[in-house]
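Participant: Could you work out the structure for the sequence below:
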Amino acid sequence: MRRIVVALTLTALLLVVPGCGGGGAATDDAPADAAPPADTPAAVEPTEPITDRSANDSDLEPVPFPSFTTTETPAVITEKLDAGRPMLIFFFDPAQGITTAMRAEVDAAMDDYRGLVDLVTFDVGGPSDSDTAARAVTYATELEITTTPYLLAVDGNGFITWRWKGYVDRAYIEREVERASR
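Facilitator: Here you go, the predicted structure:
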């Protein structure tokens, strides 16, 4: 109850204080239509997609890499799990415009960690009659991936430590790759 009273009091003060400006006439000599000072930075349009960290599965506890039920686990994944190699698994669809930007971020992050973490990619957007694309879609379904691009980080113990759907920047990928490689 005390917190509510304090919050309401602070809100009232924040609304009242700006209104107590002294009531005098403005003494600003600059005309109303003057340009802002030169030291004011201009608004900059973002050149890359903005990372939305609000709608992801990155806050989940690490879970063991699941056994596939409808198909055989891909050999590349099985080999890395058996060898205790951490990996970053990337599901993508080249028809999506964001895939190029996302792939650049993944490649930039992997440049620093190549040898410590392996990159495994699956193209789920190939031709509909392609066996490779069909298998990639099946693998994505087995891992409960519903959208692309999608990243999974798997540590050396075979636990999925991080999941991410959509665009993510290199710094965030590097942090999760580093965590998986420990």
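
Participant: which residues in this protein form helices?
Facilitator: Under the criterion DSSP state H, helices of the chain are mapped to 2-16, 75-83, 98-113, 131-142, 170-181.

Participant: could you dump those helices to TSV with distance to residue 67?
Facilitator: Just so you know, the C-beta spots here come from the backbone N, C-alpha and C atoms, and that holds for glycine as well. Shown next, in TSV, are these (distance: least, CB to CB, whole Å):
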stretch	distance to residue 67
helix 2-16	48
helix 75-83	10
helix 98-113	26
helix 131-142	9
helix 170-181	20
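
Participant: With distance to residue 65 and mean neighbour count as added columns, please give those helices in TSV.
Facilitator: Shown next, in TSV, are the helices of the chain (distance: least, CB to CB, whole Å; neighbours: other CB atoms under 10 Å):
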stretch	distance to residue 65	mean neighbour count
helix 2-16	44	9
helix 75-83	6	14
helix 98-113	19	17
helix 131-142	11	16
helix 170-181	12	18
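
Participant: closest to residue 91 out of those?
Facilitator: The closest of these to residue 91 is helix 131-142. By CB to CB, the value is 5.1 Å.

Participant: In terms of secondary structure, what does that closest one contact?
Facilitator: Secondary-structure packing of helix 131-142 (3 or more CB pairs under 8 Å, 6 or more residues apart in numbering; DSSP states H and E): strand 87-92, strand 118-123.

Participant: that older thread, now mean pLDDT and distance to residue 119 too, for the helices of the chain, in a markdown table please.
Facilitator: Putting these into a markdown table (pLDDT from 0 to 100; distance: least, CB to CB, whole Å) gives the following:
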| stretch | mean pLDDT | distance to residue 119 |
| --- | --- | --- |
| helix 2-16 | 59 | 48 |
| helix 75-83 | 94 | 10 |
| helix 98-113 | 90 | 5 |
| helix 131-142 | 91 | 15 |
| helix 170-181 | 90 | 9 |
